[in-house]
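> Next input, structure requested:
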Amino acid sequence: MAKPVSMATLVVMILLCIPMAFAGHNYGDALSKGILFYEAQRSGVLPHNQRVNWRSHSGLNDGKTSGVDLVGGYYDAGDNVKFGLPMAFTVTMMSWSVIEYGRQMGSNGELGHALEAIKWGTDYFIKAHPEPNVLYGEVGDGNTDHYCWQRPEDMTTDRSAYKIDPSRPGSDLAGETAAAMAAASIVFHRSNPAYASELLTHARQLFEFADKYRGKYDSSITVAQKYYRSVSGYADELLWAAAWMYKATNDQYYLGYLAKNADALGGTGWAMTEFGWDVKYAGVQVLVSKFLMQGKAGPYKAVFEKYQEKAEYFLCACLGKGSKNVQKTPGGLIFRQRWNNLQFVTGASFLLTVYSDYLSSARSNMQCSAGRIAPTELFSFAKSQVDYILGDNPRATSYMVGYGSNYPQHVHHRGSSIVSYKKNPSFVTCRGGYATWYGMKSSDPNVLTGATVGGPDAYDNFADERDNYEQTEPATYNNAPLIGVLARLTGHSGYNQLLPVVVPKFKPTPAPRARRTPAPKAKPSPVRKYHRTPASHAKPVHAPASSSAHVSINQKVTNSWVHQGRTYYRYSTSVTNKSNRTIKNMKLSINKLYGPVWGLTKYGNSYGFPAWMSALPSGKSLQFVYIHASTPARVAVSSYKLS
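Next up, the predicted model:
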């Protein structure tokens, strides 16, 4: 007979087997590192108090050929392009993090650094908005940039500047930038009121520009389509901008805008299961829910309650307590897609956290399909997602670089993977960077402290390899919502989140006097002709995972076969009109499609009714078929009209 094991011995054995589950985390340390990451992403002339000292000045001629100063801003990820849409979303979410949890940041000594990170972005947006109806939305070209592997300090790639204006509109880009500046104006209204006023002026102009001249920005700045394509369109950004404009100004016009356009722009129609730089609906719905709980809805209470229903649909889906739940890995992580999945995890965690605090302040619960949910349950789940990122996962890996003892060492990031310009200023050529540094087996020479990488796959697997950009590339918009949750995890001040926002006044500590050296002059780059070669990789196209009040989309496999060792699938897709009106001019976006389509007419990058159809009556369905050797393509409705 086996000797019985005592309870005490069993507990010790469990603790030895799964130490990470009981280790706890230093959220203050993670917060500090998460904010520090933004200094590694800076473009332009770096300040004297720059803490990431392996970086140097870069992009010093940005905008020059267009006659505008576009020096500054942030590189979005592991490349050297400045993409306006994700940059603006990053600043909006950093600002929201400070608005909600600035007190905790102040208690941890990080409020000043957070404000500096926000201002680095808004200073650039002011430059990028030289006229009321002109906004520069990109500097650099993803195609030529991805052809090269160079430090930002060595760039020889195309630095053309791309803008939107009345003849080439971009409501999504202008709307998100308006939201960023409005949110930042709240952040600075006590510590720098003149600057806050300047930001609000730009925000008002940009909102009017976005609303008056409507269009998708990637139809005007076409070079962005491979990298940050606006699949969700611009309707969500118009509502998102209006919500932030109301929050910053208390102007009833914007409150009315949210109510009067709730249906037409999808705010009360789209029930989402994702939130990120492209799809803002869940964020709008949570913000409007806050206005409702604050008693600010006025005559629009009934409409705002519909926003709240959709907000709680999203939150219930994240918890796994809704009618349609998000996918999770075996280790419990929210999983949306294999490419940079953690962006969706941090965004969802932030919305869960703030909504938990809103409910607590209102002394209320939330209703899901599975029953009543207490605020603590939302916060507990958000905490579990952050803990997973910081190391509580099947691999015991921290997906924040520099946090913990086991984190990615081969990050897909040009600057961190090449020896520092300050240590060795020898010029790194476009293709030479690939030959010498990209394939290097050793760890990165510069630790990209605080960067949150793409993260594991649907089965909690992760390969720490530089060419595995789907998992090892970081992004600024991964960290922006995360820093808010980390600040909240450091403690709760007892502050009622439904009271008027009072961001703590920040008093900068005088820096020690240092000998200031003038910024170096940009090195002249040799004139070269670039061929538009395919990018080594492109940012993913994000199709909204959603259900709509008017349209439902269902897909199923109807056949499969093996040919030359590959399995092919025949997918039948049904698009149903659930409204009581007729749908006309419907456009569908189909992404992750690798085979032929039957039953639709293609128009550029979208698909419409087949030639024999002009409308989809109420209750009727349109069916089409496609074949490819992969999981189902992502099908979403881009636009339609009800008649």
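> and residue 411, what does it touch?
78, 401, 417, 444, 448, 451, 453, 466, 472, 473, 474 (CB atoms under 8 Å, 6 or more residues apart in numbering). From N, CA and C alone the C-beta is placed, and that goes for glycine too.
> Strands of the stretch 251-400 of the chain, residue ranges please.
Secondary structure of the stretch 251-400 of the chain by DSSP state E, counting those that start in this stretch: the strands cover 271-272, 327-328, 334-335, 366-368, 371-373.
> What is the distance between the third one and the centre of its chain?
Between the mean C-alpha location of strand 334-335 and the chain-wide mean there is a distance of 15 Å, by CA atoms, centre = their mean, to the nearest Å.
> Direction included, what does it pair against?
Strand 334-335 has the following strand partners under DSSP bridges: strand 327-328 (antiparallel).
> Equivalent analysis for the fourth one, please.
Each strand pairing with strand 366-368, determined using DSSP bridges, is listed with its direction: strand 371-373 (antiparallel).
> Name the residues of the partner strand that are buried.
residue 373 (16 or more other CB atoms under 10 Å).
> re earlier: which ones among the contacts of residue 411 lie within helices?
417, 472 (DSSP state H).
> What's the PyMOL syntax to select whichever of the contacts of residue 411 are buried?
Only the buried members of the contacts of residue 411 enter the following PyMOL selection, criterion being 16+ other CB under 10 Å:
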select buried, resi 78+401+417+444+448+451+453+466+472+473+474
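> ok so, going back, can you say which of the strands of the stretch 251-400 of the chain is nearest to residue 192?
strand 271-272 (34.7 Å; CB to CB).
> now the closest one, how far from the centre of its chain.
Counting by CA atoms, centre = their mean, strand 271-272 comes out at 17 Å from the chain centroid.
> pretty sure residue 375 is touching residue 360, no?
Yes: using CB atoms under 8 Å, residue 375 and residue 360 qualify as a contacting pair, with a distance of 4.4 Å.
> which one of the contacts of residue 411 is nearest residue 382?
For these, the closest approach to residue 382 (CB to CB) belongs to residue 453, at 19.6 Å.
> What does the pLDDT read for the closest one?
Here, the pLDDT recorded for residue 453 equals 98.
> And it, how close does it get to residue 462?
Distance of residue 453 to residue 462, computed by CB to CB, to the nearest Å: 9 Å.
> Which residues are in contact with each of these two?
Residues touching both residue 453 and residue 462 by CB under 8 Å, 6+ apart: 399, 471.
> Any stretches of this protein with poor pLDDT?
1-23, 493, 507-548, 612 (pLDDT under 70).
> mind redoing it with 80?
1-23, 493-495, 500-549, 559, 561-566, 568, 594-595, 598, 603-605, 611-612 (pLDDT under 80).
> Nearest to residue 242 among the strands of the stretch 251-400 of the chain would be which one?
Nearest to residue 242 among the strands of the stretch 251-400 of the chain is strand 271-272 (17.7 Å), distances taken as CB to CB.
> which neighbours does that closest one have in its sheet, and in what orientation?
strand 546-547 (antiparallel).
> Buried residues in whichever helix or strand comes after the strand it pairs with, which are they?
Of the helices and strands lying after strand 546-547 in sequence (DSSP states H and E), the nearest is strand 551-563. For strand 551-563, a neighbour-count test (16+ other CB under 10 Å) marks 551, 553 as buried.
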